[in-house]
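> How does the following fold in three dimensions:
(one chain, ligands or ions: 3)
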Amino acid sequence: MGGILVYVLLFLTTLLSYLFLRKHIREPQKRAKLPPGSMGWPYMGQTLQLYSQDPNVFFSTKQKRYGEIFKTHILGCPCVMLGSPEAARFVLVTQAHLFKPTYPKSKEKMIGPSALFFHQGDYHTRLRKLVQGSCSPTAIRNLVPDIEAIAVSALESWAGQHVVNTFHEMKKFSFDVGILSIFGHLDTYYREELKKNYSIVDKGYNSFPANLPGTAYHNAVLARKRLNDILSGIICERKEKRLLEKDLLGCLLNSKDEKGQNLTDDQIADNIIGVLFAAQDTTASVLTWILKYLHDDQELLESAEQKAIYETNNIGNQPLTWAQTRNMPFTYRVILESLRMASIISFTFREAVTDVEYKGYLIPKGWKVLPLFRNIHHNPDFFTDPQDFDPSRFEVSPKPNTFMPFGNGVHACPGNELAKLEILILIHHLVTKFKWEVVGSQSGIQYSPFPVPQHGLPASIEGYDA
Ligand code: HEM
Ligand SMILES: *[C@@H]1O[C@H](CO)[C@@H](O)[C@H](O)[C@H]1NC(C)=O
Ligand SMILES: *[C@@H]1O[C@H](CO)[C@@H](O)[C@H](O)[C@H]1NC(C)=O
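Residues are numbered from 1 along each chain as shown. Ligands and ions are numbered 1, 2, ... in the order given. The predicted model follows:
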């Protein structure tokens with residue numbers, strides 16, 4: 001009986017929201033028609049289909065049926081999916097001003113509403129320059145010795161354990177590198193406080209946004225407030241010391257707009273948490289995939305490139321140099337191919353700020369627009385035998401706008417050079433000094449929320465001289 005009641009209620013709410021949404025989805029006035037595709041039942045049909053199967057299978061099945069542009073519903077929002085390089089470029093680069101970033105309100109609140117990726121226009125441009133400045137080659141080349149120290153100490157700590165969850169360990173690594181690029185050398189006390197409170201925010205971020213005592217979301221909201229207190233302390237101390245550092249905090253503190261206005265403490269805090277957030281899970285997921293690919297294809301490890309550097313550096317007794325990290329062409333191609341294969345950011349979201357026409361199709365104002373990076377990276381027209389892991393395909397540059405692991409246009413990843421640098425450094429030490437084994441079953445993907453190998457790729461690691 002109760003079951004039937006729930007069913008009826010669910011049906012009614014679905015019907016009501018469908019009717020409600022129909023009123024708000026304005027019927028096209030112009031001659032342009034909506035893209036092909038089926039809208040299904042909002043909140044049901046398409047959404048359930050999306051969640052009950054690999055989302056990428058969902059998108060590519062639709063793309064085979066409808067072509068490069070098609071419409072659908074996700075979580076009650078009408079969407080247009082874009083599966084071609086030209087369409088993605090249209091939205092992210094050439095007509096970027098017509099499409100604004102869009103995130104669920106609960107997530108915006110959790111990270112901080114002033115974080116740059118929620119914004120468009122002058123404020124976005126200003127913040128973006130600051131983040132880019134702190135992640136530019138001139139800024140990050142000075143970080144090589146510190147990143148190296150973090151990588152070596154991470155690897156040694158794994159070697160001391162029986163089995164590690166690769167993804168969890170990579171998250172610690174990318175977090176520490178993030179802290180380094182934001183604050184430079186940060187007091188251990190502050191670092192630990194940030195780490196503990198941030199991990200509570202991280203747990204709550206993807207949980208259901210019910211702000212009731214005891215829920216992960218509620219704890220995360222409280223921890224996010226405590227992060228602001230910790231950051232205020234750090235900022236206060238930094239101001240007293242009057243240091244003109246080139247790290248992100250230094251850039252944010254010294255920034256003045258054309259009227260001579262500085263950023264507020266909240267704007268600074270939101271952008272620091274925003275960058276930590278953008279930097280951690282992304283880099284950690286990619287690193288976890290790289291370890292899997294290296295494990296599946298032992299020949300990759302036999303590459304002479306890293307061994308030669310190891311020997312030049314007096315069997316690892318001398319530090320890696322910036323120049324050496326810029327001259328690892330084989331390893332670099334392994335990273336590019338891993339970024340393509342894993343495509344951990346499978347797609348992104350924008351929202352049309354006005355009615356837009358693309359190739360005769362109408363994208364109505366308010367609809368979500370999703371460039372499908374993963375489908376483009378796995379399209380055989382651009383990458384032959386896309387399912388094969390083949391770093392040599394990057395001996396030739398991919399066609400323009402077909403390879404977008406870091407996005408494209410005004411919101412493309414400002415941290416991409418830092419991400420590649422920390423990956424190169426970790427791989428150098430891993431393959432020259434350690435051997436490792438993946439433990440247990442090796443197939444399967446989990447979404448956390450980016451795709452990573454099942455169970456975070458449990459592995460056991462051992463030093464060669466152990
Ligand atoms: C392998 C690791 C990484 C991948 C695959 C990645 C990927 C991306 C992608 C695809 C975007 C664009 C999203 C969109 O257009 O909606 C993006 C934006 C961003 N990334 Fe990364 N990222 C990585 C590492 C990092 C790191 C290490 C940092 C920090 C320094 C960072 C900071 C950012 C920021 C701040 C944005 C927003 C830029 C804006 O809105 O203007 N990312 N990232
Ligand atoms: C979080 O931050 C506060 C300071 O605001 C600190 O007292 C606390 O120990 C930190 N750690 C945890 C786990 O909450
Ligand atoms: C910005 O400037 C005001 C005074 O003009 C000052 O009180 C405030 O502390 C400054 N904020 C930062 C983040 O430097």
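> who's whichever residue of the stretch 151-300 of the chain sits closest to ligand 3 bridged to?
Using C-beta to the nearest ligand atom, the single residue of the stretch 151-300 of the chain nearest to ligand 3 is residue 262, 3.8 Å away. The way it works is simple: take the backbone N, C-alpha and C, and place the C-beta from them, glycine included. Taking DSSP bridges, one finds residue 256 as the beta-bridge partners of residue 262.
> Could you do residue 445 as well?
The partner residues for residue 445, given DSSP bridges, come to residue 453.
> Can you report how many residues lie near it?
13 (other C-beta atoms under 10 Å).
> Verify the stated contact: it with residue 453.
Yes: under the criterion of C-beta atoms under 8 Å, residue 445 makes contact with residue 453 at 6.6 Å.
> ok, residue 350 to ligand 1 distance?
7 Å (C-beta to the nearest ligand atom, to the nearest Å).
> Could you report the neighbour count for that residue?
What residue 350 shows, counting by other C-beta under 10 Å, is a neighbour count of 23.
> Name the nearest residue to it, ignoring sequence neighbours.
residue 99 (3.8 Å; C-beta to C-beta, 6 or more residues apart in numbering).
> list the contacts for the closest residue to residue 82 other than its chain neighbours?
Leaving aside its sequence neighbours, residue 82 sits nearest to residue 371 (C-beta to C-beta, 6+ apart; 4.9 Å). Residues near residue 371 by C-beta atoms under 8 Å, 6 or more residues apart in numbering: 82, 87, 88, 91, 92, 347, 348, 350, 404, 408.
> can I assume the last one is in contact with residue 87?
Spelled out, it's residue 408. No: the pair residue 408 / residue 87 is not scored as a contact, 11.5 Å apart, by C-beta under 8 Å.
> Let me know the distance separating residue 241 from residue 83.
51 Å (C-beta to C-beta, to the nearest Å).
> more crowded one of these two?
residue 83 (25 against 9).
> can you map out the strands along this structure?
Assigned by DSSP state E, the strands in the chain fall at 69-74, 77-82, 99-101, 164-165, 350-352, 356-358, 361-363, 368-371, 434-438, 445-447, 451-453, 458-463.
> can I get those in TSV with mean pLDDT and distance to residue 247?
Listed next are the strands of the chain as TSV, based on pLDDT from 0 to 100; distance: least, C-beta to C-beta, whole Å:
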stretch	mean pLDDT	distance to residue 247
strand 69-74	88	38
strand 77-82	93	37
strand 99-101	97	25
strand 164-165	97	29
strand 350-352	97	31
strand 356-358	97	39
strand 361-363	97	40
strand 368-371	96	32
strand 434-438	90	30
strand 445-447	88	33
strand 451-453	93	29
strand 458-463	93	31
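> Which one of those strands lies nearest to ligand 2?
strand 164-165 (20.6 Å).
> For residue 275, grab the count of nearby residues.
25.
> what pLDDT does it get?
Note on residue 275: pLDDT of 98.
> for residue 16, same thing?
The model's pLDDT for residue 16 equals 40.
> Does residue 372 touch residue 346 like I think?
Yes: counting by C-beta under 8 Å, residue 372 does reach residue 346; the two are 7.1 Å apart.
> so where do the helices sit in the stretch 301-450 of the chain?
304-312, 322-325, 329-342, 373-377, 416-433 (DSSP state H, counting those that start in this stretch).
> List the buried residues in the third one.
It refers to helix 329-342. 331, 332, 333, 334, 335, 336, 337, 338, 339, 340, 341, 342 (16 or more other C-beta atoms under 10 Å).
> From ligand 1, how far off is residue 162?
Taking C-beta to the nearest ligand atom, one finds residue 162 at 28 Å from ligand 1.
> quick one: contacts for that residue?
residue 460.
> rewinding a little: so which of the buried residues of helix 329-342 is the closest to ligand 1?
Nearest member of the buried residues of helix 329-342 to ligand 1, counting by C-beta to the nearest ligand atom, is residue 339, at 6.3 Å.
> what's the closest one in contact with, if anything?
So residue 339 contacts 286, 405 (C-beta under 8 Å, 6+ apart).
> before we move on, back to that, and residue 372 and residue 346? Which one has more around it.
residue 372 (26 against 20).
> Say whether ligand 1 is contacted by stretch 128-145.
Yes: on the criterion C-beta under 6 Å from any ligand atom, stretch 128-145 is in touch with ligand 1 at 128, 131, 135.
> got it, and stretch 182-196?
No: applying C-beta under 6 Å from any ligand atom, one finds stretch 182-196 separated from ligand 1 by no less than 8.1 Å.
> What distance do you get for residue 189 to residue 445?
Where residue 445 is concerned, residue 189 sits at a distance of 38 Å (C-beta to C-beta).
> And the residue of the stretch 301-450 of the chain found nearest ligand 1, its phi and psi?
Residue of the stretch 301-450 of the chain nearest ligand 1, by C-beta to the nearest ligand atom: residue 415 (2.2 Å). Note on residue 415: its backbone torsions stand at phi -100, psi 10 [degrees, to the nearest 10].
> which bits of the protein sit near ligand 1?
Residues of the chain lying near ligand 1 (C-beta under 6 Å from any ligand atom): 116-117, 128, 131, 135, 181, 275, 278-279, 282-283, 286, 344-345, 348, 405-407, 411-415, 418-419.
> For the most centrally placed residue in the chain, give me its contacts.
By C-alpha atoms, centre = their mean, the chain has its centre lying nearest to residue 282, at 3.8 Å. For residue 282, the contacting residues are 174, 344, 345, 419, 450, by C-beta under 8 Å, 6+ apart.
> Domain parsing of the chain, as residue ranges.
24-105+344-377, 114-184+245-343+408-466 (automatic domain parsing).
> could those domains go into JSON lines alongside distance to residue 209?
JSON lines is the format used below for the domains of the chain (distance: least, C-beta to C-beta, whole Å):
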{"stretch": "domain 24-105+344-377", "distance to residue 209": "8"}
{"stretch": "domain 114-184+245-343+408-466", "distance to residue 209": "14"}
